[in-house]
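Peer 1: Provided below are the primary sequence and the corresponding predicted coordinates.
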Amino acid sequence: MAFGDNPDNPFRNLNFPRRTPGERRKIGALPLTVIILTAIAVVLVSLSGFYVDYLWFRSVEYSQVWTKLLTTRAALFGIFGLLTSLIIVTNIVIAYKRRPIYVPLTVEADNLERYRAQIEPIKRAAIIGIALAIFYFAGTAGARFWEAWMLYRNATPFGITDPQFGRDVSFFMFTLPFWQSLVGWGISTLILATIAAGIVHYIYGGIRPQVRDDRTTVTARVQISILLGLIVALKAIAYWFDRFALATSDEGIITGLTYTDVNAVLPAKSILAGIAVICSLLFFANIFRRSWVLPAAGTALLGLSSFLVAGVYPALIQQFQVKPTESSKEAPFIQRNIEATRVAYGLDKVEIRDYQATLATSAGQLADDQTTISNIRLMDPNVLSSTFRQLQQIRPYYAFNESLDIDRYKVDGQTRDMVVSVRELNIEGNPNRNWINDHLVYTHGFGFVGAYGNAQDVDGKPVFSSGDIPSKGVLGDYQPRIYFGENNPEYSIIGAPKGGEPVEFDYPDDGSPNGQKLYTYTGKGGVPMGSLFSRLLFAIHYQEQRILLTDLINDESRIIFNRVPRERVAKVAPWMKIDGDPYPAIVDNRIVWMIDGYTTSSGYPYSRVVDISGATTDALNINNNPLTAVPNSTINYIRNSVKATVDAYDGTVTLYAWDEKDPVLQTWMKAFPGTVKPKSEMSDALISHVRYPEDIFRVQRDVLSLYHVKNANAFYGGQDFWRVPRDPSTLGANAGAQPPYYYTLQLPGEKKASFSLTTPFVPRGGRENLTAFAVVNSDPGEDYGKFTVLQLQRSTNIAGPSQVASNFEANPTVALSLSLLRQGGSDVVLGNLLTLPVGGGLLYVQPVYVRATANTAAYPLLQKVLVSFGEKIGFDDTLSGALNQVFGGDSGTAAPSRPSTGGSTDQTPAQEDLAQALASAQRALADAQAALSRGDFAAYGQAQDRLKAAIEAAVAAQNR
């Protein structure tokens, strides 16, 4: 009995709808609605980011960049996607349409028949699917050619001719990469078309490897022959372009053509190009022949020639002609490399001076170096961040960067080096976190903070030139609010109608009833979002429904996002590499971020190739180098072509052409007209804060360590190569290179002091003695960017930074004092070790900071100064005292002394006790050493007891 006929079945009398065979199940209204809404949501989320990006570009008035990038990428996407898809799919269709009607019966053919039966019902959908997939992936790859295309389309001549081929440098930098990319795309597309056509011919019997005769049909033979002929023809073109690419090859002892390249590889490439042309003609001839013998022979000839002519022959030339007399054979080509590298990295005008540094010291020796000594920077920007936080943070929802910046300002008519930063918003420090506070209330930081680089108060604190809330100091009035900086919420919603109630927290104010000042943004920054559509758009983009629901957003509201200065500049100038250290400056009563932009290339002929991420990494940024994330970071040409600014209040991005003669910059300015302003539009106030950027200097010093050698034979020998010393403060297995330092100094023989960026050099190898000292002028003017290298005599051993640091620690007086300072809940922090060419020799100065370890709110305070000149070491509370110790009691200069609080020079009782205890410990140590040398062990024991008592007294005084 069937289930439906069972009288006990409770569902027996219910009528279920029956489907006829072949009838499709209908989708209900609810599932259909869900599917439609999901599809709409996916589209909206996808498009929201696209449209938000456009609104951002429009808000910063660079919509032409967005449009140019979009149209260029879209055009390349369409062209490459369409051509690639058309070529491959056309060959598939031809192979299918001209398939043989009759296929010989074999076991393999029977197996293929099953595949044909499965393909036949879906062949149209398969073809469409393949076409769309190829179009998408090829188009995506093609869109990445936008840089190569724009450089080729807008190429600007360099006016410098390559010595081997007689072509302008622009050919290698702009033209050659584009054509090589195009040829590479053509070869890969034709290879895919050949594989696709071969598969179709095989499935449908056009290719029959199991048959003795006529293994290919006429159509298969003709089609495959044409495709292979085109591939080999393009390979001939690739061989021809490879000749020029040897000028940027990095496979020899230098970048560029070597003796073997010119005399073996270059002719080999020409020969292979000719053989490839003949081979392609043989494939085309196979259209009219029924045999693959000639094409196969041609291909074998090409492969054999490639092995012998391009592989074995150059190796023989290198082994038996070059290596026995390599230095003389390669000398002309090394000379090319030296000259091209120095030009490509802007080092062709470096001035190298011999500096006969003395080791002797005498009283008054620094009398002629007053300007340099008075500007010695004791405030280390890489140590003082926590000091700034404790003294100027004011509230936990403010923050300073871990590494502060160095700039200079005029105070009372005198230019002073300053350690600077801005008090940015730190939303993580707000104890009352919620969406409204994070995005509508706490929207901006407040204030510019600066401290003199060469001054400290009686306690060792920085002397601030600007600080506090509201801002006070000698730098004048300015707009203090920081809406755009390096530490911001992802987005903030700001603005209100005139007369409306302020919502944004401005700064804490004890005089206000609620202890705070509120503010309403009045700038032009951000994207208007008062309309319902805009609120919906950003609610979708940030996936935050409260943007749509809150009543705190009004018709005048604006949303600010993409707020990091480096990111803003990178978006409006995607063709530029950005320096890793933006710095704030007060310009025309506004805080602006100063950012350096670089034009780079890897196509300058004969110039040494450098990994930009490796060259710009040192002890300062070894764990956080922004340029390590730059793709394709090998370069052999760089210029600091652009100075950019980002207004900290309204986010305005401005690009200025700093190196207007740079052909790469001129090329990009033609590609994006109107985006880069001429240098003449920079105000005097802005130019006064321009400085030579650190990252290009790091790259240049890396190159200069080798390419200060101008003679080819000396370069080949390599005995005079340099390197940047390891940072003494981080010596160890993972120690990074010593970072470059900004400070004001007057070089020997110069008429005036200049704000400079400096670096020492030591010999390449294991030695650590100083061999050279490089300075680049960082003051705007005719000498800006002037490189000067003081090369030390080889006959005198001048201690390098690492050796000086070791000498400091080995000095008994210094070692004892540092040991005492490191006890009793304190820690010693050694500041930047500065190198200064003064007094006819080299002076090293290192500030010594002390920080309590038991207190989480402790911060470093400058307590001592270490000085070294020749064999002498000075160690005192002040720079003047340390210098006088070294130079016979009178250095001849009036170095800045430590001012006291309230104008008095008296020490506190605890400081007096500490000084007396240290003096007692030093006397006891000297007495102990004298007694030991005499063999008087009783006196030695007494001295040790005095030393122990002095140490205990010093620890107690330090704790107080």
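Peer 2: That came through, no problem.
Peer 1: Can you tell me what sits against the helix or strand containing Phe464?
Peer 2: Secondary structure from DSSP states H and E places Phe464 in strand 462-467. Residues from elsewhere that reach strand 462-467, judged by Cβ atoms under 8 Å, 6 or more residues apart in numbering: 379, 384, 387-388, 391-392, 409, 411, 416, 418-419, 447-452, 455-457, 472-475, 899. To be clear about C-beta, it is placed using only N, CA and C from the backbone, and glycine gets the same treatment.
Peer 1: Whichever helix or strand comes after that strand: how far from the chain's middle?
Peer 2: Sequence-wise, the next helix or strand downstream of strand 462-467 (DSSP H and E) is strand 472-473. The chain centre lies 35 Å from the centre of strand 472-473; the measure is Cα atoms, centre = their mean, to the nearest Å.
Peer 1: Check which helices and strands strand 472-473 is in contact with.
Peer 2: strand 462-467 (3 or more Cβ pairs under 8 Å, 6 or more residues apart in numbering; DSSP states H and E).
Peer 1: what is the rounded mean pLDDT of the strand it packs on?
Peer 2: With pLDDT averaged residue by residue, strand 462-467 scores 93.
Peer 1: same deal with stretch 273-288?
Peer 2: On average, stretch 273-288 scores 90.
Peer 1: ok, residues contacting it?
Peer 2: 221-222, 225-226, 228-233, 235-237, 239-240, 292, 294-295, 297-299, 301-302, 305.
Peer 1: how about the nearest residue to Gly718, chain neighbours excluded?
Peer 2: In this structure, Gly718 finds its nearest non-sequential neighbour in Arg764, 7.6 Å apart by Cβ to Cβ, 6 or more residues apart in numbering.
Peer 1: Quick check: the one you found vs Thr84, distance?
Peer 2: 49 Å (Cβ to Cβ, to the nearest Å).
Peer 1: Comparing those two, which residue is more hemmed in?
Peer 2: Neighbours per residue (other Cβ atoms under 10 Å) separate Arg764 from Thr84, with Thr84 holding more: 24 against 15.
Peer 1: Let's verify that one: helix, strand, or coil?
Peer 2: Thr84 falls in the helix class when you classify it by DSSP: H, G, I helix; E, B strand; the rest coil.
Peer 1: Pull out the buried residues from stretch 179-197.
Peer 2: 179-183, 185-187, 189-190, 192-194, 196-197 (16 or more other Cβ atoms under 10 Å).
Peer 1: closest to Pro693 among these?
Peer 2: Distance to Pro693 across the buried residues of stretch 179-197 (Cβ to Cβ) is lowest for Ser181, with 30.7 Å.
Peer 1: quick one, what contacts that closest one?
Peer 2: Phe145, Ala148.
Peer 1: same question, Thr893
Peer 2: Counting by Cβ under 8 Å, 6+ apart, Thr893 has contacts Leu366, Ala367, Asp369, Gln370, Ile373, Ser374, Ser880, Leu883.
Peer 1: you'd agree the first one is up against Gly839?
Peer 2: Which is Leu366. Yes. Assessed by Cβ atoms under 8 Å, Leu366 is found in contact with Gly839 at 4.9 Å.
Peer 1: any common contacting residues for these two?
Peer 2: In contact with both Leu366 and Gly839: Phe887, using Cβ under 8 Å, 6+ apart.
Peer 1: hmm, back to that, now, among the buried residues of stretch 179-197, which is nearest to Tyr491?
Peer 2: Ser181 (38.1 Å).
Peer 1: picking up where we left off before, narrow the contacts of stretch 273-288 to those in helices?
Peer 2: The members of these that map onto helices under DSSP state H are 221-222, 225-226, 228-233, 235-237, 239-240, 294-295, 297-299, 301-302, 305.
Peer 1: of the residues you listed, buried ones?
Peer 2: 221-222, 225-226, 228-233, 235-237, 239-240, 295, 298-299, 302, 305.
Peer 1: circling back to that earlier point, of the contacts of strand 462-467, which count as buried by neighbour count?
Peer 2: Those of the contacts of strand 462-467 that meet the buried threshold are 379, 384, 387-388, 391-392, 409, 416, 418-419, 447-452, 455-456, 473, 475, by 16+ other Cβ under 10 Å.
Peer 1: Sitting in strands, which of those residues do you find?
Peer 2: Tyr409, Arg416, Met418, Val419, Phe448, Val449, Gly450, Ala451, Tyr452, Ala455, Gln456, Gly473 (DSSP state E).
Peer 1: Adding distance to Leu862, write those out as TSV.
Peer 2: Shown next, in TSV, are those (distance: Cβ to Cβ, whole Å):
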residue	distance to Leu862
Tyr409	21
Arg416	17
Met418	15
Val419	12
Phe448	22
Val449	17
Gly450	17
Ala451	11
Tyr452	12
Ala455	10
Gln456	5
Gly473	20
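Peer 1: Check the gap between Ala133 and Asn884 for me.
Peer 2: 79 Å.
Peer 1: Can you pick out the residue with more neighbours from those two?
Peer 2: Asn884 (20 against 11).
Peer 1: which residues sit in contact with Phe77?
Peer 2: Here Phe77 is in contact with Gly139, Thr140, Gly142, Ala143 (Cβ under 8 Å, 6+ apart).
Peer 1: try 6 Å this time
Peer 2: Applying Cβ atoms under 6 Å, 6 or more residues apart in numbering, we find Phe77 in contact with Gly139, Gly142, Ala143.
Peer 1: count of neighbours near the second one?
Peer 2: Close neighbours of Gly142, defined as other Cβ under 10 Å, add up to 23.
Peer 1: And it, which helix or strand is it part of?
Peer 2: Per DSSP H and E: helix 123-143 holds Gly142.
Peer 1: Let me see the residues that make contact with that helix.
Peer 2: So helix 123-143 is in contact with Arg73, Leu76, Phe77, Phe80, Gly81, Thr84, Ser85, Ile88, Val89, going by Cβ under 6 Å, 6+ apart.
Peer 1: ok, now how distant is Lys872 from Leu843?
Peer 2: Taking Cβ to Cβ, one finds Lys872 at 10 Å from Leu843.
Peer 1: With Ser305 instead?
Peer 2: 65 Å.
Peer 1: what is the nearest residue to Lys472 once chain neighbours are set aside paired to in the beta sheet?
Peer 2: Once flanking residues are discounted, Lys472 sits nearest to Ser466: 7.3 Å by Cβ to Cβ, 6+ apart. Per DSSP bridges, the residues bridged to Ser466 are Gly450, Gly473.
Peer 1: count of neighbours near Ser466?
Peer 2: Ser466, neighbours per other Cβ under 10 Å, totals 22.
Peer 1: now swap in Arg353 and tell me
Peer 2: Neighbours around Arg353, by other Cβ under 10 Å: 13.
Peer 1: Now it. Nearest residue, chain neighbours left out?
Peer 2: Counting by Cβ to Cβ, 6+ apart, the residue nearest Arg353 is Leu790, at 5.7 Å.
Peer 1: buried set for the helix or strand containing that neighbour?
Peer 2: Assessed by DSSP H and E, Leu790 sits inside strand 787-792. Within strand 787-792, the residues that count as buried by 16+ other Cβ under 10 Å are Phe787, Thr788, Val789, Leu790, Gln791, Leu792.
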